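Participant: Sequence first, then the predicted structure, then my questions.
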Amino acid sequence: MKQYLLYDDIVKICEQINENHLPDDGPFTKKIDELFEQYDDEKAPLQFILKAFLELLKLVDSEIYKIEQNVNIRPTCAKGCAHCCYFPIVTTKLEAKLMMEYIHRLPMKEREDVLEHLKTYFQTNQENLQKVCSIDFTEDVHFKEKYISKQVSCPFLDLKTNTCKVYEVRPIPCRTYLNYGNPRVCADSYIPDEPFSYEFFYEYYMQALNELIQELLYNGQELDFDYPDDVFTFDYLPALLQQEVQKNRLR
Ligand code: SF4
């Protein structure tokens, strides 16, 4: 029978990470420099920001992988397991916009599939979405439990396959929350103790994205979103996506 790490083992590994393997922002600032080396100011700034967004998301994955190598662990999360896709995913307005921009650049068949999926999702989940999206994540310390208990899936979760329709651009919370124990714990409890979150990467990622946008502004580029509002306005992903879907219908 497969042996999984137990809660106590995971706590010890967390301590090891905190003591010896906490990263700094070096790889993120380096990535921004690399991106500007390939920057073409003839192209629309949003295209460049989308590329940077994808690269920074990938960088978070690879930095997590480095830590895992250092402490010799691998996630037990598997394709088709989607318990955390019922969690409240909070993103910025810009991230939701970039996710939609990514969808609009997909090959036609894929794009239509995702857009149709979103349309059906918002039509069928309106009532539940109103309930969960009105939970105040800034003030209510129990917002996570309250949101999860309603079991409203993420707009991007394909309920037939239990997989993410936009895996390549899934936002930071989906990448940084990982289980190293028995995968059963996620089925047995809404908020299990075993998984942990590499949320410290969020600051580096946000800092890098913001730095990149500021550099574009400094170079005289005009942005087709509101700065700084869209970069620093947070909300539940379904709420932000719905606004983007509505805006796109009008464009
Ligand atoms: S974006 Fe994808 S991975 Fe993240 S919660 Fe939604 S379906 Fe799951």
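Facilitator: Arrived safely.

Participant: rest of the way, CA atoms for contacts and neighbours
Facilitator: Will do.

Participant: what's the neighbour count on residue 228?
Facilitator: 12 (other Cα atoms under 10 Å).

Participant: Let me see the mean pLDDT of stretch 127-142.
Facilitator: Stretch 127-142 carries an average pLDDT of 97.

Participant: Need the pLDDT of residue 249.
Facilitator: Predicted confidence (pLDDT) for residue 249: 67.

Participant: what's the neighbour count on residue 111?
Facilitator: 16.

Participant: what's it in contact with, if anything?
Facilitator: Contact analysis of residue 111 by Cα atoms under 8 Å, 6 or more residues apart in numbering lists 103-105.

Participant: which one among those residues gets closest to the ligand?
Facilitator: residue 103 (12.5 Å; Cα to the nearest ligand atom).

Participant: Quick check: which element contains the closest one?
Facilitator: helix 93-104 (DSSP states H and E).

Participant: any idea which helix or strand comes after that helix?
Facilitator: Where DSSP H and E defines the elements, the next helix or strand beyond helix 93-104 is helix 108-124.

Participant: so the helix or strand that that following helix is followed by versus helix 108-124, what angle?
Facilitator: Note on helix 108-124: by DSSP H and E, the next helix or strand toward the C-terminus is helix 126-133. Angle, helix 126-133 to helix 108-124, by axes from the mean of the first three to the mean of the last three Cα atoms, to 10 degrees: 80 degrees.

Participant: And helix 126-133, what does it pack against?
Facilitator: The contact analysis (3 or more Cα pairs under 8 Å, 6 or more residues apart in numbering; DSSP states H and E) places helix 126-133 against helix 237-250.

Participant: How about the helix it packs on and the ligand, any contact?
Facilitator: No. Helix 237-250 stays clear of the ligand (Cα under 6 Å from any ligand atom), getting no nearer than 8.4 Å.

Participant: in the biggest helix by length in the chain, what's buried?
Facilitator: Taking DSSP state H as the criterion, the chain has its longest helix at helix 45-71. Buried residues in helix 45-71, defined by neighbour count with 16 or more other Cα atoms under 10 Å: 45-46, 48-50, 52-60, 63-64, 67-68.

Participant: if we can go back for a sec, who touches the helix holding residue 103?
Facilitator: Under Cα under 8 Å, 6+ apart, the answer for helix 93-104 is 50, 53, 111, 114-115, 166, 169, 171, 225, 230-235, 237, 240-241, 244-245.

Participant: can you tell me if it touches the ligand.
Facilitator: No. Counting by Cα under 6 Å from any ligand atom, the ligand is not contacted by helix 93-104; separation bottoms out at 9.4 Å.

Participant: what's the closest non-adjacent residue to whichever residue of the stretch 1-150 of the chain sits closest to the ligand?
Facilitator: Residue nearest to the ligand within the stretch 1-150 of the chain (Cα to the nearest ligand atom): residue 85, separated by 3.7 Å. Among residues not flanking residue 85 along the chain, residue 154 sits closest, at 5.5 Å (Cα to Cα, 6 or more residues apart in numbering).
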